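Chemist: the amino acid sequence is not available; the structure is as follows:
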């Protein structure tokens, strides 16, 4: 009978542990102090500084480009993989697509680094990062698309074929519109994972190329300035927006009925 208050207290403690540090980061992005050791006053100064920080803007542009390209490619390949896994139940394909999702990031990063250098003899840079992000994003898209397909009635596709539709027409006019919420959710998830990734990017970036997470890491090795808090706040807002959109489409993708 007394478990209710204790459970609520435990839940509040867990959520406070997760979200209070984020709230502190956001609050101190408006702190009128360069040292960021104590609250001095409210200011927009650090956001103005951020807009004129050339290195930060270049890193942000790199992150956006990598996220857009990798999420688009991963969405196409992940959609194809999700359909193949659901339709043909091919165990090896299932294992190959989903393995990067379950593999620890540091292990995947090291594996890709060795593959790019020793097997492909590829110079690390923008291309290696994009390929790495595509690799770990495909599985997430495939899982969501497969879940959408699993909730659909197979008789819909059989009816299309009985009415004379070719495989391509069935996909274009029946399958794709029905799985579109899952495709969009998977693409948004891939974009979010790409723009936030640090570990795999760290191993595959090479020299001279910086993304937003890598640049933030290089800055906090010296000190956590309000400018770091400002860019972290913007990154948090972008991530939350993408997650909210992905969650909205994911809920539609998991419906049992189209």
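Modeler: Arrived safely, thanks for sending. In this text, all values refer to a predicted model and were calculated from it rather than measured experimentally.
Chemist: for the residue lying closest to residue 243 once chain neighbours are set aside, grab the count of nearby residues.
Modeler: Nearest non-adjacent residue to residue 243, counting by Cβ to Cβ, 6 or more residues apart in numbering: residue 192, 6.0 Å away. All C-beta atoms are positioned from the backbone trio N, CA, C, and that covers glycine. Number of residues near residue 192 (other Cβ atoms under 10 Å) recorded here: 22.
Chemist: could you point out the helix or strand that follows the longest helix belonging to the chain?
Modeler: Taking DSSP state H as the criterion, the chain has its longest helix at helix 54-88. Downstream of helix 54-88, the first helix or strand assigned by DSSP states H and E is helix 91-102.
Chemist: quick check: residue 5 vs residue 40, distance?
Modeler: Look at residue 5 and residue 40: by Cβ to Cβ, to the nearest Å, they are 39 Å apart.
Chemist: neighbour count for these two, which is higher?
Modeler: Under the criterion of other Cβ under 10 Å, the comparison of residue 5 against residue 40 puts residue 40 first, with 12 against 8.
Chemist: pretty sure the more buried one contacts residue 31?
Modeler: Yes - counting by Cβ atoms under 8 Å, residue 40 touches residue 31, with 6.1 Å between them.
Chemist: residue boundaries of the helices in this structure?
Modeler: So, for the chain - with DSSP H - the helices run 3-28, 45-51, 54-88, 91-102, 105-114, 126-150, 154-162, 167-170, 176-196, 199-204, 212-220, 226-253.
Chemist: that older thread, just want the angle from the longest helix of the chain to helix 154-162.
Modeler: 80 degrees (axes from the mean of the first three to the mean of the last three Cα atoms, to 10 degrees).
Chemist: just the angle between helix 54-88 and helix 226-253, please?
Modeler: In terms of direction (the same axes, to 10 degrees), helix 54-88 departs from helix 226-253 by 20 degrees.
Chemist: give the buried residues for helix 54-88.
Modeler: 56, 59-60, 62-64, 66-67, 69-71, 73-75, 77-79, 81-86 (16 or more other Cβ atoms under 10 Å).
Chemist: ok, stretch 149-168 next?
Modeler: For stretch 149-168, by 16+ other Cβ under 10 Å, it's 149, 151-152, 157, 160, 165.
Chemist: please consider this matter closed, and thank you.
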